[in-house]
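>>> What would the 3D arrangement of this be:
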Amino acid sequence: MDMQETPGHDLEQRLSARLLDVFIRAGLVLAMTMLCYKIFAPFLPLMLWALILAVTMYPIHQHIAKRLGRRQGLAATLLVLIGILLIVAPTSVLLSSLSDSTFALINNIKHNTLKIPEPSPDVASWPIIGKKIHAYWFQVHADLPAVIQSMQPKIGELAKHSLEIVTGTGSKILQFLFSFIIAGVIMTYGESGARAAQAIFERILGIDRGKGFAHLSTATIRTVAAGVIGIACIQALFIGLALIIIGIPWAGVLAMVTLVLGIAQLPAFLVTLPVIGYIWYSGDYSTAAAIGYTVLLIVSGNADNVLKPFMLGRGVDAPMPVILLGALGGMATTGILGMFVGATLLALGYQIFMWWVTNNPDSPPSKGEQQTVA
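Next up is the predicted model:
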């Protein structure tokens, strides 16, 4: 009995030792992965933005490189400088002006030097809220320090939030600038990077499907980016036409500012709200015209919310609802960066799921397979 039980007992010990060794190695790999992620996590948004920008601009980079004698580094440098001049620089100037205006307003309120003009009698004729606005406006004009004193806590919170918004937006612009620079480095080594990405997909999903999934990821990122830029152009066109119809001075400049803001994913109300204020304050428009123009600007400023569902999903081997849900879900979770990541992940997940559904081992073979077997 002992002679018969000894081989089985030895086998069980060897299997237990091997299983314990596998668990220890898997634990060490998991611990190392978590430590690497913790170290890399602060740079993850920066690198994701750089990768998205590199994938989006790579066809333009290759076109420039052909004209420069295949000089990849020079083409990437030129493209990064153009991107900074067209997007980052104007946005930074706009934010700097906004910051200066915010600080000036706070100083004027603090030193009681802010002067509010007397309201026009036409304000009282506005429907529903005209009389209340006129009464409050007149009170502010007559005794501004008292009104400010009564609203001191709210004004303090509003000023704090305004400064936080300006500071946070400035840090995002700085992050976007560094992402542009890193994207230039990635585009310089674009061919080797594409091979590495395809090799990763092939290692995870297999040789047959790796190339297709790599192409799907690239196409999804470019489609979402093109949708963002295209929507920004259309929205700038709508707002520019609305400004021309209304007769606002410098309509072309304001439309260009709207385009830059749309590409940088800043809201269009930074342009439309001051224009609406100008319409009501200038006194050059009747009440009905002011209401109509206000509605027109609000609708034009929200055109991106209507157009995104129609432009996110073109040119991708996945249904538009999948791209749309991924983009919207990702945006709701992590902002504009999540729009790209969510659309890409959901498109890949959809393709993997459909491949799994199609390749059912229990399904009967097709006619071509039956003839081959025969």
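>>> For the one helix or strand Leu348 maps to, buried residues please.
Per DSSP states H and E: Leu348 is located in helix 336-358. Across helix 336-358, burial judged by 16 or more other CB atoms under 10 Å covers 336-348, 350-351. In short, each C-beta sits where N, CA and C put it, glycine included.
>>> Against Met339, how distant is Leu324?
According to CB to CB, to the nearest Å, Leu324 stands 10 Å off from Met339.
>>> ditto for Phe43
In this view, Phe43 and Met339 are 20 Å apart by CB to CB.
>>> next one: Ala146
For Ala146, the distance to Met339 - CB to CB - is 47 Å.
>>> His215 too?
His215 sits at a distance of 20 Å from Met339 (criterion: CB to CB).
>>> repeat for Asn302
Noted for Asn302: a distance of 17 Å to Met339, by CB to CB.
>>> Show me the helices in the stretch 251-374 of the chain, by range?
251-263, 269-282, 287-301, 303-311, 320-334, 336-358, 367-373 (DSSP state H, counting those that start in this stretch).
>>> Kindly report the same for the stretch 101-250 of the chain.
130-142, 144-150, 152-188, 190-205, 207-246.
>>> mind putting the ones you listed in a markdown table, mean neighbour count and mean pLDDT included?
Listed next are the helices of the stretch 101-250 of the chain as a markdown table, based on neighbours: other CB atoms under 10 Å; pLDDT from 0 to 100:
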| stretch | mean neighbour count | mean pLDDT |
| --- | --- | --- |
| helix 130-142 | 14 | 77 |
| helix 144-150 | 13 | 68 |
| helix 152-188 | 16 | 74 |
| helix 190-205 | 14 | 83 |
| helix 207-246 | 19 | 80 |
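>>> Ok, which of these comes nearest Gly83?
helix 152-188 (5.4 Å; CB to CB).
>>> Could you list the domains of this structure?
When the chain is parsed with automatic domain parsing, its domains come out as 36-188, 207-356.
>>> Select, out of those, the one closest to Asp10.
Among the domains of the chain, the nearest to Asp10 by CB to CB is domain 36-188 (38.8 Å).
>>> Which residues are in contact with the nearest residue to Thr344 once chain neighbours are set aside?
In this structure, Thr344 finds its nearest non-sequential neighbour in Thr220, 4.7 Å apart by CB to CB, 6 or more residues apart in numbering. With contacts defined as CB atoms under 8 Å, 6 or more residues apart in numbering, Thr220 is in contact with 316, 318, 323, 340, 343-344, 347.
>>> From Val224, how far off is the closest residue to Ala197 other than its chain neighbours?
With sequence-adjacent residues excluded and distances taken as CB to CB, 6+ apart, Ala197 is closest to Ala214, at 5.5 Å. Going from Ala214 to Val224 by CB to CB gives 16 Å.
>>> Please apply the same query to Val306.
17 Å.
>>> Quick one: end-to-end length of stretch 306-326, please.
The first residue of stretch 306-326 is 16 Å away from its last residue (CA to CA, to the nearest Å).
>>> swap in stretch 116-132?
With CA to CA as the measure, the first residue of stretch 116-132 is 17 Å from its last.
>>> That stretch: how far from the chain's middle?
Centre-to-centre, stretch 116-132 and its host chain are 40 Å apart (CA atoms, centre = their mean, to the nearest Å).
>>> which residues are contacting it?
133-134, 137-138, 140-141, 144, 283, 287.
>>> pLDDT score for Gly27?
In the prediction, the pLDDT value recorded for Gly27 is 91.
>>> Count the neighbours of it for me.
By the criterion of other CB atoms under 10 Å, Gly27 has 10 neighbours.
>>> what's the spacing between the host helix or strand of it and its chain's center?
Assigned by DSSP H and E, Gly27 belongs to helix 2-40. Chain-centre distance of helix 2-40: 44 Å, with CA atoms, centre = their mean.
>>> ok, back up a step: now the domains of the chain as CSV including distance to Gln13?
As requested, the domains of the chain are exported to CSV (distance: least, CB to CB, whole Å):
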stretch, distance to Gln13
domain 36-188, 35
domain 207-356, 39
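>>> Among those domains, which comes closest to Val22?
Minimum separation from Val22 across the domains of the chain (CB to CB) falls at domain 36-188, 21.0 Å.
>>> got the contact list for the closest residue to Val80 other than its chain neighbours?
Nearest residue to Val80 in three dimensions, chain neighbours excluded: Gly184, at 4.0 Å (CB to CB, 6+ apart). Residues near Gly184 by CB under 8 Å, 6+ apart: 54, 76-77, 79-80.
>>> which ones among those are found in helices?
Using DSSP state H, the members of these that fall in helices are 54, 76-77, 79-80.
>>> Next, give me the two most distant ones among those residues.
Within these, two members stand farthest from each other by CB to CB: Ala54 and Thr77, at 13.6 Å.
>>> that older thread, out of the contacts of Thr220, which one sits closest to Arg71?
Out of these, the member with the shortest distance to Arg71 (by CB to CB) is Phe340, at 28.8 Å.
>>> And the pLDDT for the closest one?
On pLDDT, Phe340 comes in at 77.
>>> Over to Arg18?
Note on Arg18: pLDDT of 85.
>>> Can you report how many residues neighbour it?
For Arg18, the count of nearby residues is 10 (other CB under 10 Å).
>>> now do Gly335
Gly335 has 12 nearby residues by other CB under 10 Å.
>>> ok so, going back, make a markdown table from the contacts of Thr220 and add distance to Thr258 to it.
Output for the contacts of Thr220, formatted as a markdown table (distance: CB to CB, whole Å):
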| residue | distance to Thr258 |
| --- | --- |
| Val316 | 28 |
| Ala318 | 31 |
| Ile323 | 25 |
| Phe340 | 22 |
| Ala343 | 24 |
| Thr344 | 28 |
| Ala347 | 30 |
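>>> which residues touch Leu237?
By CB under 8 Å, 6+ apart, the neighbours of Leu237 are Ala255.
>>> that older thread, could you list every residue that touches the residue nearest to Ala197?
Neighbour list for Ala214: 194, 197-198, 201 [criterion: CB under 8 Å, 6+ apart].
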